[in-house]
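[1] here you go, sequence then predicted model.
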Amino acid sequence: MEKRLMPSMMALQCFEAVARHMSFTRAAEELHMTQSAISKQIAQLEALLRNPLFLRVRRRLQLTPAGALYQSEVRAILNQVDMSSRYILTYGSETQVLTIGTQPTFGARWLIPRLQGFMAAHPDIQVKVRSETRPFDLMQAKIDISFFFGHGTLPGAQCRELFEAEVVPVCAPGFLPGDRVDSLEALSGQALIQCASRPEAWHDYFSRQQFQSDRSYHGPRFDTFYMCVRAAEGGCGVALTPRLLAEEELLAGKLVIPWDYVQPSDGAYFVAYSEHSAEVPKIKQFVAWVENEAAQKRARDTQRARSMKKRTD
């Protein structure tokens with residue numbers, strides 16, 4: 001294997017500090033080193049790279065083109081080393097950090113409103129939540145727990161199903177006469193709010209009811225379900241969303257369901273964690289808490305379905 005070109009971490013720190021301050025003196029003060037020691041590190045780095053990194057122009061320090069390029073690379077490297085070191089520093093300590101990855105709307109609407117219960121029960125665990133529209137790679141993203149919607153498979157992860165997510169159309173009260181449409185044709189003629197992460201949503205909704213629309217993909221488009229729900233609330237059109245992500249607005253009367261068909265979930269929400277961390281206490285505690293919260297939601301959904309059935313019988 002070819003020997004790696006590996007500058008010392010001290011040389012990289014010295015270079016980054018000098019490049020940031022454009023001063024050997026200020027870099028030396030920041031790093032608690034002598035100016036001559038800083039200069040020696042920079043000289044060794046330039047010799048290793050076979051490129052000058054700094055120029056003196058009219059007694060002022062400037063980065064060379066190679067130095068400017070190297071600065072951005074070195075800053076990213078040092079930031080990554082710092083983040084990774086802080087992550088390991090908290091691992092297994094008395095105060096542990098639990099890093100959670102979630103899709104934005106699910107995190108804002110379902111997870112975060114419940115987190116206080118977990119934090120109160122486990123004050124020794126510090127929660128850190130990150131959001132991303134796509135499922136996280138647990139190892140590459142350096143997270144402990146991932147929530148995602150799908151069919152329960154992530155590479156190298158154990159996935160536990162939480163609940164399904166039936167889909168309903170929603171719009172603002174008064175957007176439609178009588179808050180209803182009398183046919184799928186009338187529904188398809190409305191402004192259909194599109195969610196970028198589920199581009200097939202309206203097409204699937206109509207197809208399941210044996211209706212073909214040439215407008216399934218037309219309408220204002222937003223990145224997340226949260227934005228779609230807010231757009232519907234603002235009168236931009238009819239949004240198609242998992243019911244649980246619009247539950248708050250439906251209960252408050254800020255949104256209504258204009259067509260009664262409820263589309264069965266074509267997947268489920270899962271909680272996932274790396275296979276090798278299954279026995280880590282903070283992981284086990286969080287997963288147990290999440291599964292209990294999910295069980296309560298399923299019980300409420302069952303009760304609601306029974307109540308609706310009684311009203312229609």
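    Ah, there it is.
[2] which parts of this protein are helices?
    Counting by DSSP state H, the segments of the chain that form helices are 9-21, 24-31, 35-49, 65-90, 104-106, 112-121, 184-188, 201-207, 225-233, 247-252, 281-312.
[3] okay, the second one in PDB with CA atoms only?
    As requested, the backbone C-alpha atoms of helix 24-31 are provided in PDB (Å, rounded to 0.1, in the frame of the first residue of the first chain):
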ATOM      1  CA  PHE A  24       1.500  34.500  12.300                       C
ATOM      2  CA  THR A  25       1.500  36.600  15.500                       C
ATOM      3  CA  ARG A  26      -2.200  36.200  16.100                       C
ATOM      4  CA  ALA A  27      -2.200  32.500  15.200                       C
ATOM      5  CA  ALA A  28       0.700  32.000  17.700                       C
ATOM      6  CA  GLU A  29      -1.300  33.800  20.400                       C
ATOM      7  CA  GLU A  30      -4.400  31.600  19.700                       C
ATOM      8  CA  LEU A  31      -2.500  28.300  19.800                       C
END
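[4] hang on, the earlier thing: so which of the helices of the chain is the most packed in?
    Ranked by mean neighbour count under mean count of other Cβ atoms under 10 Å, those are led by helix 225-233, which reaches a mean of 23. To be clear about C-beta, it is placed using only N, CA and C from the backbone, and glycine gets the same treatment.
[5] packing partners of it?
    Applying 3 or more Cβ pairs under 8 Å, 6 or more residues apart in numbering; DSSP states H and E, one finds that helix 225-233 makes contact with helix 104-106, strand 192-195, strand 238-242.
[6] now do it and strand 238-242, the angle between them.
    140 degrees (axes from the mean of the first three to the mean of the last three Cα atoms, to 10 degrees).
[7] which one of the helices of the chain lies closest to residue 219?
    Minimum separation from residue 219 across those (Cβ to Cβ) falls at helix 201-207, 7.9 Å.
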